[in-house]
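Participant: sequence first, then the predicted structure, then my questions.
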Amino acid sequence: MNPLVESSGLPADVYSAKCPTRQVLDHIAGKWTVLVVDALLQGTMRYSDLNRRIEGVSQKMLTQTLRRLETDGFVDRTVYPSVPPHVEYALTALGRSLAEPISALRRWTETHINQIEQARSQAAQGSHPASPARRAETPLQS
């Protein structure tokens, strides 16, 4: 049985639109969250280190992602009094527990990228089992 959500007294159920687990899943499944958590698994990092490590993330998205991770208890933010301010980010125990499945997902993606790209190529050429012509022949089951 799923644990009870303390705020509602209802069982945790990500399939329920009203359950707060849905919001958390939406957040932790995001591309930038996955990359930030996986990067922080290497250890404490400054904002600029994360920004360099995660190519393509905008300052706005990185800031928003770090704030949400901190709010949800996955990341600790430490500000050292200096000029300019020195800020470091580190995973909490909860964040480290999240890092395990996230790292597994990253490793799986890196391991299977060639198969995925081959499937995409086949789909683009119309020879993939899920190509539009093939889907028209196969009725959807309810």
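Facilitator: Done, it's in.
Participant: now Pro84: phi and psi?
Facilitator: phi -70, psi 160 (degrees, to the nearest 10).
Participant: confirm Ala39 sits in a helix?
Facilitator: Yes: applying DSSP: H, G, I helix; E, B strand; the rest coil, one finds Ala39 inside a helix.
Participant: where are the low-confidence patches of the protein?
Facilitator: 128-142 (pLDDT under 70).
Participant: swap in 80 and give it another go.
Facilitator: 1, 127-142 (pLDDT under 80).
Participant: mind listing the strands for it?
Facilitator: 45-46, 75-80, 86-91 (DSSP state E).
Participant: okay if I get the ones you listed as TSV plus distance to Ile54?
Facilitator: (Each C-beta comes from the backbone N, C-alpha and C, glycine too.) Shown next, in TSV, are the strands of the chain (distance: least, Cβ to Cβ, whole Å):
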stretch	distance to Ile54
strand 45-46	10
strand 75-80	14
strand 86-91	12
